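Engineer: next come a sequence and a model predicted from it.
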Amino acid sequence: MDWSYTPLLFVLPLALMIPIVMLVLTNVLGPKNPSAAKSVPYESGIAPPTSAEQRFPVRFYLVAVSFLLFDVEAVFLFPWAVRFKELGWFGFGVMSIFLAILVLGLVYEWRKGGLEWD
Amino acid sequence: MTLFGNPWLHGFIMGVIVLSGAMGVAAYAVWFERKFAARMQNRPGPTEVGYAGLLQPIADLLKLMQKEHLVPFSADRPLFNLAPVLVVIAPLATLAVIPFGPGWVGSDPSIGLLFALALSSLMVIPIWMAGWASNNKYALLGAMRAAAQAISYEIPLLLAALVPIILSGSFRIGDIVAAQEGGQWFALWPPGPGFLAFVLFFLTSLAESNRIPFDIPEAESELVAGVTTEYSGMIFGLIYLAEYLHTFIASALAALLFLGGWQGPGPDGIHWMMLKTVLIFATIFWIRWSWLRYRADQLMSICWKIFLPLGLVLVMASAIWVHLR
Amino acid sequence: MLEWIAFVVLGATLLTAGWKVVTSRDLVHSVLWLGLTLAATAGLFVTLHAEFLAAVQILLYTGGVVTLMIFGIMLTRRLSSVHIEHGSTSRARAFALALAALALVVFGVSEASRVGYEVGGSDAGSSGLGDTQALGSMVLRDLVLPFEVLSILLLAAMIGAIVLARKVDP
């Protein structure tokens, strides 16, 4: 039995309870006077002229793709980081090539203006 | 590494300590920031409730509790209410693996640091959820910006955190602190990469917890209040609480990874850890009240064109340093 | 006992969330349920003493892939104030596909246990760091070529995304 996770078994339910208790308390203690004006979405006092739904630019998606690729790279760095003394310069070289290829992708993205947030 | 013999007892007591401590810390962080900001601007700050306004956080909590729980009619009601709950859980669970002194830790699993980083990166989903469920233009814009910023800065943050892992050869936060024994703090030693990694970690943490100068997701001059536009009362308080907890965790991690954690001149212990954490915390507020925010495009350029290459160079440099030693 | 309880709770969460992924009418709800599914999978990895995998699962899938999907939904065109809904109605085909996937998983697991494939030895769970280190050795010593090819794959993905997403060349 691995005991290092027992505190988490207590923390997670307690952590779930704290916000729920707070929300329940505010519903018990707070006033309840709903009105049409109160529940209109905020738009500086007027009724919102358009829906909040809109199309977002593709650059958000591009950021997410770049993030995912570099996240994969970072995830591979972690096992290397705790083992690289044993892997020696060979492991270092392998990792350098891996990183260099990814940096190539970053340079390409940079040159193509994929990093510009205009 | 347990203070109390029985693991169940240890788990329970540490869990309660961690959570009550977290609530206390968050409440007084707000008081501290208000006092700090006030003094920087030559005004007294809270003074009315208790000595030097020390009871102000409790008064604020009671006030928030008595506010109406408002949900806009166009909002996605279940998600709108669920999001703040989830936002709070992630940092609270992270605190369970952060050691504050020898033995003063909920759990110190072998994967501790990675666990803390993964959990705190998870905040992006409930924050986005809050913005989307509000069904408000400003909230949705803020949510998209927050998500894009959080994931962008995640990469340099991971790279900066890799430097202490490489230098100590372990993910266990306790081991990383132990590797800095004898004043060999990673921020000072190795002189180049260590210090730069500390700076990088600090700045990316600022961006991850949406602090000035990286607070464009809630830029009040263009987005009203960003994600929290439609939130009020206690349910707003929860998001606010989570942000302070997130900043506190970032400060604690910076102290543990780069400033030797609970080690210091004289006797080691939880007091050193608290002192370092509070100093980093205060620096964050100091920056907040003296800097201007970056534009959205500058934010992305800084991350991808400066921080990411810098992080890669630092990782490689520290690896070479360990190899040569 | 404890592990059994954890398995049941996580498994139930996983199945419920997975069911909601395919039955939710709103696409955003589906993606958020998928996030819960992936998080519960990470929990299962912890009970199997694969802590590194669990952290990676949260970092990459719950954090990354879900955000990617969200951004994907947000950039598609939609009718004003109408949430995007699933258009899929063919239950029979879905059922057949699910069966095929199940068969694949069962085959994979039985094959793995027949070959006796094991990483990090049986004591990997006790030290925790053992499996991460074994992973590091495996990737960087025994599987060097696949590892480098992987970086080319990632490069291709990035270039592909840029080519698809960039504005028309001036």
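Structural biologist: Yep, that arrived. Numbering: from 1, shown residues only, chains lettered A, B, ... in the order given.
Engineer: does the helix or strand that contains C:Val149 come close to chain A?
Structural biologist: Element membership for C:Val149, per DSSP states H and E: helix C:144-165. Yes: against chain A, helix C:144-165 shows contacts by C-beta under 8 Å from any C-beta of the partner chain at C:144, C:147-148, C:150-152, C:154-155, C:157-159, C:161-162, C:165. No exception for glycine: its C-beta is placed from N, CA and C like everyone else's.
Engineer: and C:Val46, how many neighbours does it have?
Structural biologist: 22 (other C-beta atoms under 10 Å in any protein chain shown).
Engineer: against which helices or strands is the helix or strand harbouring it packed?
Structural biologist: Per DSSP H and E: C:Val46 is located in helix C:27-47. Under the contact criterion of 3 or more C-beta pairs under 8 Å, 6 or more residues apart in numbering or on different chains; DSSP states H and E, helix C:27-47 touches helix B:124-134, helix C:2-23, helix C:51-56, helix C:66-75.
Engineer: got the contact list for the residue sitting nearest the centre point of chain C?
Structural biologist: In chain C, the centroid-proximal residue (C-alpha atoms, centre = their mean) is C:Tyr61; its distance is 5.6 Å. Counting by C-beta atoms under 8 Å, 6 or more residues apart in numbering or on different chains, C:Tyr61 makes contact with C:38, C:41-42.
Engineer: would a markdown table of these with pLDDT be doable?
Structural biologist: What follows is the contacts of C:Tyr61, written out as a markdown table (pLDDT from 0 to 100):
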| residue | pLDDT |
| --- | --- |
| C:Leu38 | 91 |
| C:Thr41 | 90 |
| C:Ala42 | 88 |
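Engineer: which residue is most remote from the mean position of chain A?
Structural biologist: A:Asn33 (36.6 Å).
Engineer: need the per-residue pLDDT for that residue.
Structural biologist: With respect to pLDDT, A:Asn33 scores 79.
Engineer: repeat for C:Thr13
Structural biologist: Note for C:Thr13: predicted pLDDT of 91.
Engineer: equivalent analysis for B:Leu310, please.
Structural biologist: In this model, B:Leu310 carries a pLDDT of 90.
Engineer: again with A:Trp3
Structural biologist: Predicted confidence (pLDDT) for A:Trp3: 57.
Engineer: what of B:Leu157?
Structural biologist: Taking B:Leu157 on its own, its pLDDT is 90.
Engineer: in chain C, where is pLDDT below threshold?
Structural biologist: Across chain C, the ranges flagged by pLDDT under 70 are C:77-89, C:115-131, C:166-170.
Engineer: so which bits of it are right by chain B?
Structural biologist: C:28-29, C:32, C:35, C:39, C:51-52, C:54-56, C:58-59, C:62-64, C:66-67, C:70-71, C:74, C:127-129, C:132.
Engineer: if any of those residues are buried, put those into a ChimeraX selection.
Structural biologist: This is the ChimeraX syntax for the buried subset of those, where burial follows 16 or more other C-beta atoms under 10 Å in any protein chain shown:
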select /C:28,29,32,35,39,51,52,54,55,56,58,59,62,63,64,66,67,70,71,74,128,129,132
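Engineer: assign the residue farthest from the centre of chain A to helix, strand or coil.
Structural biologist: When classified by DSSP: H, G, I helix; E, B strand; the rest coil, A:Asn33 comes out as coil.
Engineer: coming back round to it: how about TSV for the contacts of C:Tyr61, with neighbour count and distance to B:Phe281 added?
Structural biologist: Below are these laid out as TSV (neighbours: other C-beta atoms under 10 Å in any protein chain shown; distance: C-beta to C-beta, whole Å):
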residue	neighbour count	distance to B:Phe281
C:Leu38	19	32
C:Thr41	20	35
C:Ala42	22	30
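Engineer: need the residues you listed in CSV (columns: distance to B:Gly15).
Structural biologist: Formatted as CSV, the contacts of C:Tyr61 follow (distance: C-beta to C-beta, whole Å):
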residue, distance to B:Gly15
C:Leu38, 25
C:Thr41, 24
C:Ala42, 20
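Engineer: pretty sure the residue farthest from the centre of chain A contacts B:His69?
Structural biologist: No: counting by C-beta atoms under 8 Å, B:His69 is not a contact partner of A:Asn33; they are 11.3 Å apart.
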